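Enquirer: Have a look at this prediction, sequence included:
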Amino acid sequence: MLRFLLPLAEQVTYTRWLHLLLPSAVVSVWLYISMDTPWVPVALAALAGLIPGMRLAEGIQAQLLLTPAERGDPDASISAVVSTSWSERWRTSLWLEVRLLCAGLVGFATVWLGATTVDLVRSALGTNPSDEWLVSGMGTHWWAAVLAPVPLLVLLAVVVACGELITAAARWLLGPSPVQRLTALEERTEQLLERNRIARELHDSIGHALTVAVVQAGAARAAGDPGFTERALVAIEETGRDALEDLERVLRVLRESDAPSGKQPSLSEVDRLLDSARGAGAKVDAEVSGPLEQVPGSVSREGYRILQESLTNALRHSGPVPVRVRITVADGRLELEVTNPFEGSTGTPGGGSGLRGIRERAALLGGNAKTGLYGREWMVHASLPLNRIR
């Protein structure tokens with residue numbers, strides 16, 4: 001019994017009832033004008049379903065009244081879009097016919113069962129029932145008061161059943177097509193990939209700037225040399241300015257989805273990156289061979305970020321130690337290797353998300369990256385193909 005009464009306490013039951021009664025009101029107006037042509041609303045509904053915008057209007061109304069809990073959900077079972085194919089137009093026409101059928105049933109039940117309850121109450125009060133409803137000719141009886149709730153219970157059962165039926169029909173006929181589901185899935189995948197890319201950009205650029213600033217400030221405080229302090233402050237200023245430019249570029253993309261991403265650093269600016277590490281106290285031994293200017297833009301940008309994260313890890317976990325950097329462009333690949341002594345005194349480089357970002361960047365370009373301890377040295381080696389990028 002409780003299971004039967006539970007839907008009566010839900011708001012959606014009554015919004016679905018309203019959804020079912022709306023077509024009944026329209027059809028009633030037409031029947032008042034012409035009782036001899038009841039087929040006209042059916043024919044007009046079939047033709048209206050072929051209008052592309054009708055699917056959008058019906059989808060919005062169905063979402064609001066049939067499945068209000070899914071409103072605004074990108075995975076809603078009822079879509080609110082314009083018809084883009086004849087298949088969707090025919091499905092909309094069929095939906096309108098099903099809606100008229102259910103509306104006729106609920107409208108009939110609402111009027112006749114509601115009037116029957118009124119007549120039963122009149123009979124119990126000593127007034128003869130109307131001759132037009134289900135209990136015509138019944139007369140007056142006190143026990144009619146006991147039967148008065150029965151038509152209402154039947155009406156509510158019809159409303160709940162038809163509400164479930166019309167909702168299932170809406171999900172079937174107005175729901176997203178397989179193509180729409182695939183498109184939505186692709187859009188969400190693109191959004192997730194973009195969020196991960198932005199997270200890597202912020203981690204690499206801001207992380208590098210903060211690491212350089214911390215190392216420089218610590219070295220300046222320990223040195224006690226005004227000249228060294230001056231050079232450290234200049235390095236911190238330049239690194240911070242570059243980080244602010246990167247941050248502004250990323251925030252502009254986040255604020256305006258159609259905004260251009262702006263110029264991103266590439267391996268053509270590798271000297272600036274190496275000078276920043278040297279300014280933080282690292283003794284960088286760099287060797288660059290091959291035509292860096294011929295490296296495709298995407299590979300050059302990702303290579304820059306991989307090198308940046310590698311230098312950041314060296315400074316963060318090992319301090320101002322000697323760092324060897326080897327960049328080679330040959331045989332259709334970009335080989336990038338960064339090694340530095342590692343004593344393990346300031347934590348393990350693999351504990352954060354930076355190394356995972358290095359491997360993700362390499363994998364997205366069809367390459368690979370290896371990181372780890374080799375003897376008493378920490379090494380990052382990335383191999384990126386050039387001929388897979390067009």
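Expert: Alright, I've got the coordinates. Numbers count the residues shown, from 1 in each chain.
Enquirer: Please count neighbours and contacts with C-alpha atoms only from this point.
Expert: OK.
Enquirer: can you list the residues that contact stretch 114-124?
Expert: Stretch 114-124 is touched from outside by 128-130, 133-135, 138-145, 147-152, 155, with contacts defined as CA atoms under 8 Å, 6 or more residues apart in numbering.
Enquirer: Next up, identify which helix or strand the nearest residue to residue 354 once chain neighbours are set aside is on.
Expert: Of all residues not flanking residue 354 in the chain, residue 309 sits nearest, at 6.6 Å (CA to CA, 6 or more residues apart in numbering). Assigned by DSSP states H and E, residue 309 falls within helix 297-318.
Enquirer: now that helix: how far from the chain's centre is it?
Expert: 30 Å (CA atoms, centre = their mean, to the nearest Å).
Enquirer: Which secondary structure elements does it sit against?
Expert: Of the remaining helices and strands, those touching helix 297-318 by 3 or more CA pairs under 8 Å, 6 or more residues apart in numbering; DSSP states H and E are helix 178-223, helix 270-279, strand 333-341, helix 354-364, strand 377-385.
Enquirer: Give me the helices and strands touching the second one, please.
Expert: Helices and strands touching helix 270-279, by 3+ CA pairs under 8 Å, 6+ apart, are helix 178-223, helix 226-255, strand 283-289, helix 297-318.
Enquirer: Give me the buried positions along that helix.
Expert: 270, 273-274, 276-279 (16 or more other CA atoms under 10 Å).
Enquirer: Likewise for the last one?
Expert: Of the residues in strand 377-385, 378-385 count as buried by neighbour count, 16+ other CA under 10 Å.
Enquirer: okay but residue 315 is in contact with residue 282, surely?
Expert: Yes - with contact defined as CA atoms under 8 Å, residue 315 and residue 282 form a contacting pair (7.2 Å).
Enquirer: okay, and the common contacts of the two?
Expert: residue 321.
Enquirer: Kindly report the domain assignment for the chain.
Expert: Using automatic domain parsing, the domain ranges for the chain come out as 2-176, 182-385.
Enquirer: Distance from the shortest one to the middle of the chain?
Expert: Relative to its parent chain, domain 2-176 has a centroid offset of 34 Å by CA atoms, centre = their mean.
Enquirer: which non-adjacent residue is nearest residue 202?
Expert: Nearest non-adjacent residue to residue 202 (CA to CA, 6+ apart): residue 247, at 6.9 Å.
Enquirer: pLDDT value on the one you found, please?
Expert: With respect to pLDDT, residue 247 scores 72.
Enquirer: Quickly note the distance from it to residue 110.
Expert: For residue 247, the distance to residue 110 equals 62 Å [CA to CA, to the nearest Å].
Enquirer: Give the residue from the two that has the larger number of neighbours.
Expert: residue 110 (21 against 16; other CA atoms under 10 Å).
Enquirer: Looks like the more buried one contacts residue 156 (just checking).
Expert: No - contact between residue 110 and residue 156 fails when scored by CA under 8 Å: they sit 9.0 Å apart.
Enquirer: Which element, helix or strand, includes the closest residue to residue 41 other than its chain neighbours?
Expert: Spatial nearest neighbour of residue 41, chain neighbours left out: residue 27 (6.6 Å); criterion: CA to CA, 6+ apart. Following DSSP H and E, one finds residue 27 within helix 11-33.
Enquirer: buried ones in that helix?
Expert: 12-21, 23-24, 27, 31.
Enquirer: could those residues go into CSV alongside distance to residue 207 and pLDDT?
Expert: Putting the buried residues of helix 11-33 into CSV (distance: CA to CA, whole Å; pLDDT from 0 to 100) gives the following:
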residue, distance to residue 207, pLDDT
12, 50, 89
13, 54, 89
14, 55, 89
15, 53, 91
16, 54, 90
17, 58, 90
18, 57, 91
19, 56, 91
20, 59, 90
21, 61, 89
23, 61, 87
24, 65, 83
27, 67, 80
31, 73, 72
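Enquirer: For residue 69, state which of these is nearest.
Expert: Nearest to residue 69 among the buried residues of helix 11-33, counting by CA to CA, is residue 12 at 8.8 Å.
Enquirer: hang on, residue 206 packs against residue 242?
Expert: No - contact between residue 206 and residue 242 fails when scored by CA under 8 Å: they sit 9.1 Å apart.
Enquirer: got a list of contacts for the helix holding residue 27?
Expert: By CA under 8 Å, 6+ apart, helix 11-33 touches 7, 37-38, 41, 62, 65-68, 99-100, 102-104, 106-107, 159-160, 163.
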